[in-house]
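>>> Sharing a sequence plus its predicted fold:
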Amino acid sequence: MATIIAPSILSADFSHLADEIKKVTDAGAEYIHIDVMDGTFVPNITLGSPVIKSIRPTSKAVFDVHLMTEHPETHIEEMAKAGADIITFHAEVARHAHRIIQQIHSLGKKAGVAINPGTSLSMVEELVEDAEMILIMTVNPGFGGQKFIESMLGKIHMLYHMIDEMETECDIEVDGGINAETSKLVREAGANVLVAGSAIYEAIDVAQAIKDIRGEEIIHHHH
Ligand code: DX5
Ligand code: ZN
């Protein structure tokens, strides 16, 4: 599976968002990762649907919205209307996760389910068949620029095999501490959608940073 690069605009200059988005899509990024934080599920508040709505006409990229909010079901419709293409919510705050996937699908969008480093894969096992993407957090959510948690590699690999054994299709996204070095490890473990904030936006040569994170295509052998 070809690797998809999803720069996180959390590390962008918010006073020039349209330019910051153009900069990374011109450099080859397929997705734009948009971190929505509510100040409750995670300490900070970032941005919401009005901002997504205002940047939507400036870009054709896939908008990959990562909801770090409590009560995700109350935000799905506004995110869809604002222009999200993929809406990812956290399993930890979803009382009816499967229903939220149905809600996202009913709005014509792709559904992702995220789990924190301390959350077991069993939280998403029953959702793999119906969600388009599972997001394995490789840092504790809330801030950019944190260190990659290496012990998540086993979880990524287990999810890869789970999806393979179920003979279904589901993207594996990773988010947090992804750079040229850690990207190789997560790609080898089976991740195919790579979020990177600081490693892309703090790079002097953004196109090179994206190339380095994308790396070589890994061929997985099915067992
Ligand atoms: C963290 C966010 C990430 C963040 C990643 O809670 O979900 O998307 O922007 O930033 P880096 O790539 O700098 O770890
Ligand atoms: Zn994120």
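Happy to help now that I have it. Just so it is clear, the structure is predicted and the values come from calculations on it, not from any experiment. Ligands and ions are numbered 1, 2, ... in the order given.
>>> Distance check, His58 against Arg187.
Just so we're on the same page, residue 58 is Thr rather than His. According to CB to CB, to the nearest Å, Thr58 and Arg187 sit 30 Å apart. (Glycine included, C-beta is placed from N, CA and C.)
>>> Over to Glu125?
Between Glu125 and Arg187 the distance is 23 Å, computed by CB to CB.
>>> same thing with Ser120?
Relative to Arg187, Ser120 is positioned 23 Å away (CB to CB).
>>> Please identify which of the two sits among more neighbours.
Arg187 (23 against 10; other CB atoms under 10 Å).
>>> Make sure the more buried one is actually in contact with Leu194.
Yes: contact criterion CB atoms under 8 Å: Arg187 and Leu194 qualify, at 7.4 Å.
>>> Now the common contact residues for the two.
Thr3 (CB atoms under 8 Å, 6 or more residues apart in numbering).
>>> So Glu202 is in contact with Leu10, correct?
No: between Glu202 and Leu10 there is no contact, the gap being 11.8 Å when judged by CB under 8 Å.
>>> more neighbours, those two?
Neighbours of Glu202 and Leu10, each counted by other CB under 10 Å, are more numerous for Leu10; the result is 21 against 13.
>>> Distance check, that one against His98.
Distance from Leu10 to His98, by CB to CB: 28 Å.
>>> What confidence value was assigned to the residue nearest to Val36 when sequence neighbours are not counted?
Ranked by CB to CB, 6 or more residues apart in numbering and with sequence neighbours excluded, the top spatial neighbour of Val36 is Leu67, at 5.1 Å. Among the per-residue scores, Leu67 holds a pLDDT of 98.
>>> what about Leu67, helix or strand, and which?
For Leu67, the host element (DSSP states H and E) is strand 62-68.
>>> and that strand, does that touch ligand 2?
Yes: under the criterion of CB under 5 Å from the ion, ligand 2 is reached by strand 62-68 at His66.
>>> what's the angle from whatever helix or strand Gln102 lives in to strand 62-68?
Using DSSP H and E, the element containing Gln102 is helix 97-106. Between helix 97-106 and strand 62-68, the angle formed by their directions is 150 degrees, by axes from the mean of the first three to the mean of the last three CA atoms, to 10 degrees.
>>> Can you show me the CA trace of helix 97-106 as PDB?
Taking Å, rounded to 0.1, in the frame of the first residue of the first chain, the C-alpha atoms of helix 97-106 are listed here in PDB:
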ATOM      1  CA  ALA A  97     -18.500   4.200  18.600                       C
ATOM      2  CA  HIS A  98     -20.200   2.100  16.000                       C
ATOM      3  CA  ARG A  99     -23.200   4.500  15.800                       C
ATOM      4  CA  ILE A 100     -20.700   7.400  15.300                       C
ATOM      5  CA  ILE A 101     -19.200   5.500  12.400                       C
ATOM      6  CA  GLN A 102     -22.700   5.200  10.900                       C
ATOM      7  CA  GLN A 103     -23.300   8.900  11.500                       C
ATOM      8  CA  ILE A 104     -20.100   9.800   9.700                       C
ATOM      9  CA  HIS A 105     -21.000   7.500   6.800                       C
ATOM     10  CA  SER A 106     -24.600   9.000   6.600                       C
END
